[in-house]
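Engineer: Quick one, fold the following:
(one chain, ligands or ions: 1)
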Amino acid sequence: MEIAYFNGKYIPKDEVKISPDDRGFLFAEGIYEVVRWYEGFFYDMNGHLARMKRSLKETLIAWPEEDSFPVIARELIRVNHLESSQALIYLEVTRGAAKRTHAFPSPPASPTVYAYARDFIPENEGKESGIGIMLKDDIRWGRCDIKSVALLPNTLCFQEATGKGFFECAFVKNGIITECTHSNIFFVIRGVLFTHPESSDILSGITRKNIIRVARKAGIPVKEEAVAAKKLGRVQEIFITNTSGEVTPVIKIDSQIIGEGIPGPVTRIIRERFNDEICSLKHS
Ligand code: PLP
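Structural biologist: The predicted model follows:
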């Protein structure tokens with residue numbers, strides 16, 4: 001039986017009852033996090049915790065027990081017997097349930113806090129051969145730095161991409177490639193790794209931040225600078241990053257082949273170094 005965390009209790013997932021007046025349901029007033037468990041440890045839990053706190057702060061949602069996230073996540077692994085598996089923790093916090101009106105509830109409602117753990121079998125699709133992604137106008141709101149549950153533009157664009165046979169959809173804002181529907185994007189131009197700088201136009205991915213660190217450690221120069229869609233002809237390699245997919249090479253954007261049309265050497269080094277880091281964490 002799957003056990004979830006719901007407002008302070010660990011209960012069977014099908015016993016979780018969320019009010020129809022919940023502002024997460026009515027207004028998408030909620031934030032979330034996804035953390036990966038690698039058969040014995042969470043990857044960069046501190047990074048996820050810090051980002052979660054920032055999302056709460058920016059959305060003015062108060063969860064007084066926010067520091068308990070790592071403990072909840074660990075307990076969900078234990079009660080669901082996932083210690084020796086790969087797993088993902090999903091956590092969502094909303095402003096809570098109150099009579100529907102745009103004004104925030106006063107006095108504040110208790111936040112709704114829901115989390116689950118699920119076992120996770122990593123997808124290997126495209127990891128060796130590379131994937132194709134499509135480009136689309138960035139139709140999202142102006143605060144993409146907040147990990148908000150308001151993901152309709154992301155799901156619409158992702159659905160369109162997969163329907164057309166692409167693996168992901170990258171957004172273009174004012175001619176600039178920002179990020180994808182649920183991943184960040186990196187470009188290699190003459191040996192230098194480029195990725196969009198942190199700003200309100202992207203979610204600051206935990207994988208993005210760690211890949212920048214891993215790349216620099218491997219001696220690969222990194223510039224947190226945006227790349228324009230019209231400059232794709234100059235790009236030798238592209239890859240995307242996120243918690244569940246780690247690093248996935250991109251060999252085609254729309255109908256444009258990137259570089260040689262196969263995953264390139266910089267992407268390969270970064271994937272190897274990231275895997276080495278995971279292995280060393282497993283054995284530490
Ligand atoms: N950008 C967006 C819009 C995302 O939704 C995600 C993850 O879901 C990412 C980037 C990658 O973030 P992370 O590496 O923390 O998984």
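Engineer: Gln236 is in contact with Arg190, correct?
Structural biologist: Yes: counting by CB atoms under 8 Å, Arg190 touches Gln236, with 7.3 Å between them. (Glycine included, C-beta is placed from N, CA and C.)
Engineer: Which one's more surrounded, these two?
Structural biologist: Using other CB atoms under 10 Å as the criterion, Arg190 and Gln236 rank with Gln236 on top: 16 against 8.
Engineer: And the closest residue to that one other than its chain neighbours, how far from Gly132?
Structural biologist: Nearest residue to Gln236 in three dimensions, chain neighbours excluded: Gly259, at 4.3 Å (CB to CB, 6 or more residues apart in numbering). Gly259 is 13 Å from Gly132, where distance means CB to CB, to the nearest Å.
Engineer: Pull the number of nearby residues for the nearest residue to Lys217 once chain neighbours are set aside.
Structural biologist: Leaving aside its chain neighbours, Lys217 sits nearest to Arg273 (7.2 Å; criterion: CB to CB, 6+ apart). The number of residues packed near Arg273 is 17, by other CB under 10 Å.
Engineer: Can you name the helix or strand that Arg273 falls in?
Structural biologist: Applying DSSP states H and E as the criterion places Arg273 in helix 265-282.
Engineer: And that helix, what's buried?
Structural biologist: Neighbour counts over helix 265-282 (16 or more other CB atoms under 10 Å) mark 266-268, 270-271, 273-274 as buried.
Engineer: Would you check which pair of the residues you listed lies furthest apart?
Structural biologist: The most widely separated members of the buried residues of helix 265-282 are Val266 and Phe274, with 12.5 Å between them, by CB to CB.
Engineer: which of the residues in stretch 214-228 are buried?
Structural biologist: So stretch 214-228, judged by 16+ other CB under 10 Å, has buried residues 214-215, 220, 222, 226-227.
Engineer: who in this protein is up against the ligand?
Structural biologist: Counting by CB under 6 Å from any ligand atom, the chain comes close to the ligand at 179, 182-184, 203, 205-208, 241-243.
Engineer: Out of the residues you listed, which sit inside helices?
Structural biologist: 206-208 (DSSP state H).
Engineer: which residue does the stretch 51-200 of the chain bring closest to the ligand?
Structural biologist: As assessed by CB to the nearest ligand atom, the ligand sits closest to His182 within the stretch 51-200 of the chain, at 3.9 Å.
Engineer: any idea how far that residue lies from Gln256?
Structural biologist: Relative to Gln256, and taking CB to CB, His182 is found at 22 Å.
Engineer: Mutual contacts of Gly259 and Gly132, please.
Structural biologist: Contact criterion CB atoms under 8 Å, 6 or more residues apart in numbering; residues shared by Gly259 and Gly132: Ile251.
Engineer: any idea where the strands of the stretch 1-150 of the chain begin and end?
Structural biologist: Ranges of strands within the stretch 1-150 of the chain are 3-6, 9-12, 30-38, 86-94, 112-119, 131-137, based on DSSP state E, counting those that start in this stretch.
Engineer: Could you export these as JSON lines, including mean neighbour count?
Structural biologist: Putting the strands of the stretch 1-150 of the chain into JSON lines (neighbours: other CB atoms under 10 Å) gives the following:
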{"stretch": "strand 3-6", "mean neighbour count": "20"}
{"stretch": "strand 9-12", "mean neighbour count": "12"}
{"stretch": "strand 30-38", "mean neighbour count": "22"}
{"stretch": "strand 86-94", "mean neighbour count": "21"}
{"stretch": "strand 112-119", "mean neighbour count": "20"}
{"stretch": "strand 131-137", "mean neighbour count": "19"}
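Engineer: any chance of those strands in TSV, plus mean pLDDT and distance to Leu232?
Structural biologist: What follows is those, written out as TSV (pLDDT from 0 to 100; distance: least, CB to CB, whole Å):
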stretch	mean pLDDT	distance to Leu232
strand 3-6	98	43
strand 9-12	98	48
strand 30-38	98	29
strand 86-94	98	32
strand 112-119	98	36
strand 131-137	98	9
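Engineer: What strand or helix carries Ile238?
Structural biologist: Using DSSP H and E, Ile238 falls in strand 237-242.
Engineer: Please save the CA atoms from that strand in CSV.
Structural biologist: Taking C-alpha atoms only, strand 237-242 is exported to CSV below (Å, rounded to 0.1, in the frame of the first residue of the first chain):
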residue,chain,number,x,y,z
GLU,A,237,26.2,20.4,-29.0
ILE,A,238,23.0,20.7,-27.0
PHE,A,239,21.8,18.9,-23.9
ILE,A,240,18.9,19.3,-21.5
THR,A,241,18.9,18.6,-17.7
ASN,A,242,16.5,17.8,-15.0
